Every structure is written in C-alpha cells, then in structure tokens.
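# next come a sequence and a model predicted from it.
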Amino acid sequence: MKRTTPLWGLLPLLLLIMTCAAPRYASPIEATDTARLCFGRGGGYTGLVSEYTLLPNGQIFKKGPDKTPSYTELRGVKKDQARQAFNNYEVLQLAELDFRHPGNLYYYIRYENKDEQHEIVWGDEQLKVDSKAKLFYNILAAMVKDQQ
C-alpha cells in the first residue's frame, strides 16, 4: 500500500523557508531596521540629483526628482553582490574618510543605519577625494548603469 504524506506535514518546511527569506521593502523609507548605501550625483545647470539606494537584500531604488520622496524599485542585484558592497564599504574604511567638498557637479556616497549616518561628497576640482571613494562609487554606479 502506498503511503502519502498529508500536505499539512509540509507546513513546517514552508514556514521555515518563509522566515529565512530576506524581507522586501516597498521603498527604502520602510527599511529602518537595516543598513542602506545611498549614492548619487547632482548639480550643474539644472541642479538635479540622481540618487540610488542599495539595501543588503539586493533591492535598489531610484529616488524621484520631486521634493516629496518617491522611489522606483529597479531590478536590483543578487543578495551576495549587495552583501559584498556593504563589506567593501567596511574594508575600504570609508566611514573613516571625512570629506565634504562638493563642486558645481558633485558625487556622494552615504551609509545609513538606525544608529548612524556618514556621507562623503566630492566634486571640487581643487580638492581630490581619496581614490577608494571614487572606486567604490564606480562599483555602485555599475550596478544601476543599465537600469537608468
């Protein structure tokens, strides 16, 4: 006689899978319980700012240009790639870099979590930012390059 497992027997496995999955957010504003890497550029004649937010779960959001924050979710990256970006921020010791010198056109990287916020801003051609900040910015910008 064939023995079958009732479907309710699979319920604990399903619950385990659901609790291990990384949470998804509708916008980075909701992600108050996790770290965020914000990066972007702005200035120039129009003064427009392009800002992106990377979350540890791989979600990427683009901030709208209007004054009230609106966000569009982009395709995102794999969780491992996002985790590597957050690790790179630590390994490169960017939190130790104190540099806020925007120019007419400027770039920035901002790390945020529930306890702290740190921002690096550069663009003034008279003052050169550490090459680690530019390298890290280029890595982050490559994540959204094809999604603009």
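Received it, and whenever you're ready, just let me know what you need.
# going by C-alpha atoms from here, please, whenever you check contacts or count neighbours.
Noted.
# how about low-confidence regions in this structure?
1-22, 148 (pLDDT under 70).
# once you drop chain neighbours, what's closest to the residue nearest the centre of the chain?
Centroid-nearest residue in the chain: residue 54, 1.3 Å away (criterion: CA atoms, centre = their mean). Excluding its sequence neighbours, the residue lying closest to residue 54 (CA to CA, 6 or more residues apart in numbering) is residue 60, at 4.6 Å.
# same question for residue 69.
residue 63 (6.7 Å).
# separation between that neighbour and residue 140?
Using CA to CA, to the nearest Å, one gets 15 Å for the distance from residue 63 to residue 140.
# related to what we said a few turns ago, and the residue nearest to the centre of the chain, how far is that from residue 133?
16 Å.
# coming back round to it: the residue nearest to residue 54 and residue 75 touch, don't they?
Yes. Residue 60 sits in contact with residue 75 when judged by CA atoms under 8 Å, with a separation of 6.9 Å.
# the more surrounded of those two?
More neighbours surround residue 60 than the other of residue 60 and residue 75, with 26 against 14 (other CA atoms under 10 Å).
# which residues are in contact with that one?
Contacts for residue 60 (CA atoms under 8 Å, 6 or more residues apart in numbering) come out as 52, 53, 54, 73, 74, 75, 76, 77.
# hmm, 6 Å instead?
By CA atoms under 6 Å, 6 or more residues apart in numbering, the contact list for residue 60 reads 53, 54, 73, 74, 76.
# for this protein, just list every one of the strands.
Counting by DSSP state E, one finds strands in the chain at the ranges 36-43, 49-54, 60-63, 71-73, 100-101, 105-112, 117-122.
# what does the fifth one rub up against?
Strand 100-101 is contacted from outside by 120, 121, 122, 124, using CA under 6 Å, 6+ apart.
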